[in-house]
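In: no letters, just coordinates:
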């Protein structure tokens, strides 16, 4: 039984479909390609995410499989991610502006840049789900090398990658990657994350 068949997990049954059935796929179809229109929709979803003061402190490297940028990026993957990430149809590298540029332009409240980027990334993955696509966010790559290779300015910080594509066949990949598909999906109970009145007092 795959992780996809185990969804929805206890407690998630009543969530909206694209959140309820979300899971981090590690087996992608290496033949699937994203159309330019699909990539645009994913980026539009990120573009319309909320941000502090509408500062929109995010940018993305858009790296479809087979592109020059993709070929550069995959050379900087960690060993654990080098097997499965290249099979995804595209990788979006999420980058946050953390300081003003030399002209004094920057987010109004840089302290919230990471939070805002996270929302943009989440919007992108929910839009991917609405298109029948799977996604997996990851941080296992050489961030400094990627920043240097793509000329990311010093006032921006490379954060994570988002692999997007069509779920593939676990039988056709390395067993170590296929094993990821079988891991149980668990979350901390609500009483450990939602407090009322005082810190540590569970809500409801």
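Out: Yes, it's here. Quick caveat, the model's predicted, so the values are computed rather than measured.
In: buried stuff in the longest helix along the chain?
Out: With DSSP state H setting the assignment, residue counts place helix 113-130 as the longest helix in the chain. By neighbour count with 16 or more other C-beta atoms under 10 Å, helix 113-130 contains the buried residues 113, 116-118, 120-129. Glycine gets a C-beta too; all of them are placed from N, C-alpha and C.
In: show me where the chain has its helices.
Out: According to DSSP H, the chain carries its helices in the segments 3-6, 17-20, 36-47, 68-74, 113-130, 143-150, 175-180.
In: max-length strand in the chain?
Out: In terms of residue count, the longest strand belonging to the chain (DSSP state E) is strand 156-165.
In: centre of the chain to it, how far?
Out: The gap between where strand 156-165 is centred and where its chain is centred comes out at 6 Å by C-alpha atoms, centre = their mean, to the nearest Å.
In: and it with helix 143-150, angle?
Out: If you take axes from the mean of the first three to the mean of the last three C-alpha atoms, to 10 degrees, strand 156-165 sits at 90 degrees to helix 143-150.
In: will you turn the helices of the chain into TSV that also has mean pLDDT?
Out: Rendered in TSV, the data for the helices of the chain read as follows (pLDDT from 0 to 100):
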stretch	mean pLDDT
helix 3-6	47
helix 17-20	89
helix 36-47	98
helix 68-74	98
helix 113-130	97
helix 143-150	98
helix 175-180	76
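In: turn those helices into TSV, columns for distance to residue 161.
Out: As requested, the helices of the chain are exported to TSV (distance: least, C-beta to C-beta, whole Å):
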stretch	distance to residue 161
helix 3-6	20
helix 17-20	20
helix 36-47	14
helix 68-74	8
helix 113-130	10
helix 143-150	9
helix 175-180	16
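In: among those helices, which is nearest residue 82?
Out: For the helices of the chain, distance to residue 82 was read as C-beta to C-beta. The smallest value, 7.1 Å, belongs to helix 68-74.
In: got the buried residues for the closest one?
Out: Within helix 68-74, the residues that qualify as buried by neighbour count (16+ other C-beta under 10 Å) are 69, 70, 73, 74.
In: which elements pack onto it?
Out: Contact partners of helix 68-74 among helices and strands, from 3 or more C-beta pairs under 8 Å, 6 or more residues apart in numbering; DSSP states H and E: strand 58-64, strand 90-97, helix 143-150.
In: how about those, which one is nearest residue 176?
Out: With C-beta to C-beta as the criterion, residue 176 lies closest to strand 90-97 of those, at 20.0 Å.
In: so that closest one versus helix 113-130, what angle?
Out: Taking the same axes, to 10 degrees, one finds strand 90-97 and helix 113-130 inclined to each other by 160 degrees.
In: sheet partners, orientation included, of strand 90-97?
Out: Neighbouring strands of strand 90-97 in its sheet, by DSSP bridges, are strand 58-64 (antiparallel), strand 156-165 (antiparallel).
In: report the angle between the longest one and helix 36-47.
Out: Relative orientation of strand 156-165 with respect to helix 36-47: 130 degrees, computed using the same axes, to 10 degrees.
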